[in-house]
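S.K.: sequence-free structure coming up:
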């Protein structure tokens, strides 16, 4: 399945299959009761999502939207969970997927806990370049999204980006 920039893969509260991102970039946004959204996660090629449903199915925790044109493989629930029950080795694959995501989240924590605001943005840019070497994070995410991702106000992100 192919998604164009801005297309929704799944919506918060729905349930359904898992997906493997083959190429492109997705964001996962959590919509709050007041209608505002928060950027929860960025999904890069090779990830199977939603992460919280790799062992048992749960409703989607957020809405997944393509930030770049994306190729996504649909993994039907029956196939994925059937494989898990029939093939215990599949749990190793799940553990490796979660390990990779945990390492990615550790890098995100490093971004959030950097003391200098400039360092937070620089760490995010460096992380982003690992996956998209020919792009800048500011060309894909809004300043508001960058701020949500690294724990800064949009105005601060604007100031930092002007000086980089």
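M.R.: Happy to help now that I have it. Only a predicted model underlies this, so the values are computations on that prediction, with no experimental measurement involved.

S.K.: next up, the contacts around residue 9.
M.R.: By Cβ atoms under 8 Å, 6 or more residues apart in numbering, the contact set of residue 9 is 3, 19, 26, 64, 65, 66, 70, 72. For every residue, glycine as well, the C-beta is placed using N, CA and C.

S.K.: and what of residue 44?
M.R.: Contacts here follow Cβ under 8 Å, 6+ apart; on that basis residue 44 touches 21, 25, 104, 131.

S.K.: surely the second one is within a strand?
M.R.: Yes: with DSSP: H, G, I helix; E, B strand; the rest coil as the criterion, residue 25 is part of a strand.

S.K.: re the thing from before, if any of the contacts of residue 44 are buried, put those into a ChimeraX selection.
M.R.: The ChimeraX command for the buried members of the contacts of residue 44 (criterion: 16 or more other Cβ atoms under 10 Å) is given here:
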select :21,25,104
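
S.K.: same list, the contacts of residue 44, but as TSV with secondary structure and pLDDT please.
M.R.: Rendered in TSV, the data for the contacts of residue 44 read as follows (DSSP: H, G, I helix; E, B strand; the rest coil; pLDDT from 0 to 100):
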residue	secondary structure	pLDDT
21	strand	97
25	strand	96
104	helix	86
131	helix	91
